[in-house]
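> Have a look at this fold, sequence not included:
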């Protein structure tokens, strides 16, 4: 592929994702609909830095109600988590859990201002179809930061905020089709 075609393909991909201008770009949930009660890879995409400054740290607050979190390791970034006590211990994988992840932090990385990356975790979502979970995200740059923490209220829609929090909508499991004998 030529440099010209490569550039055109990249520009088209960014436009399709809604990242064509810094003014309209947000921290975005890659897949917004997740089956309630399932394990799912939650991915938040960051399409830019802070007014020309590269991203150095990404912090994602895990919403209440989520009990099992496995963050993705990223080459070049230091991964850490803060924990919180659960209201009620749970049994899973032969282990009794009394704490869960409160916040995931990827630090000391280098995501250029004009680069895109995803920050992911494998999560067991609560079995609450219809519930919306907001993942407040703070993007700290070499100079400045974006606080993707605004949650819609008072009739405003997600896209009407300057720095809205990425979200996942929990949906009901699709009906299972019966297998037919050959």
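Done, it's in. Values in this document were obtained by computation on a predicted structure and should not be read as measured data.
> Can you tell me who the most centrally placed residue in the chain pairs with across the strands?
Residue closest to the mean C-alpha point of the chain, counted by C-alpha atoms, centre = their mean, is residue 44 at 2.9 Å. Judged by DSSP bridges, the bridge partners of residue 44 are residue 29, residue 119.
> For it, list the residues it contacts.
Neighbour list for residue 44: 27, 28, 29, 30, 58, 60, 118, 119, 120, 135, 137, 166 [criterion: C-beta atoms under 8 Å, 6 or more residues apart in numbering]. (C-beta placed from N, C-alpha, C; glycine too.)
> If you tally nearby residues, what's the number for the nearest residue to residue 52 once chain neighbours are set aside?
The shortest distance from residue 52 to any non-neighbouring residue, by C-beta to C-beta, 6 or more residues apart in numbering, is to residue 113 (5.2 Å). By other C-beta atoms under 10 Å, the residues close to residue 113 number 15.
> pretty sure residue 113 contacts residue 49?
Yes - counting by C-beta atoms under 8 Å, residue 113 touches residue 49, with 3.5 Å between them.
> and for those two, which residues touch both?
With C-beta under 8 Å, 6+ apart as the test, residue 113 and residue 49 both reach 55, 141.
> how near is residue 46 to residue 109?
Residue 46 sits 11 Å away from residue 109, going by C-beta to C-beta, to the nearest Å.
> Oops, could you answer that again for residue 139 instead?
11 Å.
> If you count surrounding residues, which of those two has more?
The neighbour comparison of residue 139 against residue 109 (other C-beta under 10 Å) goes to residue 139, with 24 against 18.
> so how many other residues sit close to the nearest residue to that one once chain neighbours are set aside?
Excluding the flanking residues, the one nearest residue 139 by C-beta to C-beta, 6+ apart is residue 146, at 4.3 Å. Other residues lying near residue 146 total 21 when counted by other C-beta under 10 Å.
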